[in-house]
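Trainee: Output the structure for:
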Amino acid sequence: VQLQASGGGLVQPGGSLQLSCAASGRIFRINDMGWYRQAPGKQRELVARITSGGSKTYADSVKGRSLISRDNVKKTVYLQMNSLKLEDTAVYYCNADLSSTQYVNPSAYWGQGTQVTVSS
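Mentor: Modelled structure (predicted):
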């Protein structure tokens, strides 16, 4: 199983970015999917999560500025980030709670991380 994240880059304050993360490999069921971020010198923190049924959770720091969505057919989770701030600069990691077969319990899988830099 692999999670491949893309969409990071350099953006000016107030700009927008969309991150994508596609899961591939032997997958039986994907439960929650989400995005986390880690800024230099800080712990990894939740940005947003979405359940298989579409329920969403956001960190207070991005609420109202971000939208998480998923395409269950494509096994992909998206994060649209608007009105970006300097403090949004971090490496963003996607995460999926999934089972590779019907016989195993779900486990957490992580993508490789994509850098988002907000700078003028």
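
Trainee: SS state for the residue lying farthest from the centre of the chain?
Mentor: Residue farthest from the centre of the chain, counting by C-alpha atoms, centre = their mean, is residue 103 at 26.5 Å. Under the three-state scheme (DSSP: H, G, I helix; E, B strand; the rest coil), residue 103 adopts coil.

Trainee: where does it land on pLDDT?
Mentor: We have a pLDDT of 91 for residue 103.

Trainee: center of the chain - which residue?
Mentor: By C-alpha atoms, centre = their mean, the mean C-alpha position of the chain lies nearest to residue 35, the distance being 2.5 Å.

Trainee: picking that back up, list the residues that contact the residue farthest from the centre of the chain.
Mentor: Residues near residue 103 by C-beta atoms under 8 Å, 6 or more residues apart in numbering: none. In short, each C-beta sits where N, CA and C put it, glycine included.

Trainee: quick one on the thing from earlier: can you tell me the strand partners of the strand or helix carrying the residue nearest to the centre of the chain and which way each runs?
Mentor: Using DSSP states H and E, residue 35 sits within strand 29-38. Strand pairing for strand 29-38, using DSSP bridges, gives strand 45-50 (antiparallel), strand 90-99 (antiparallel).
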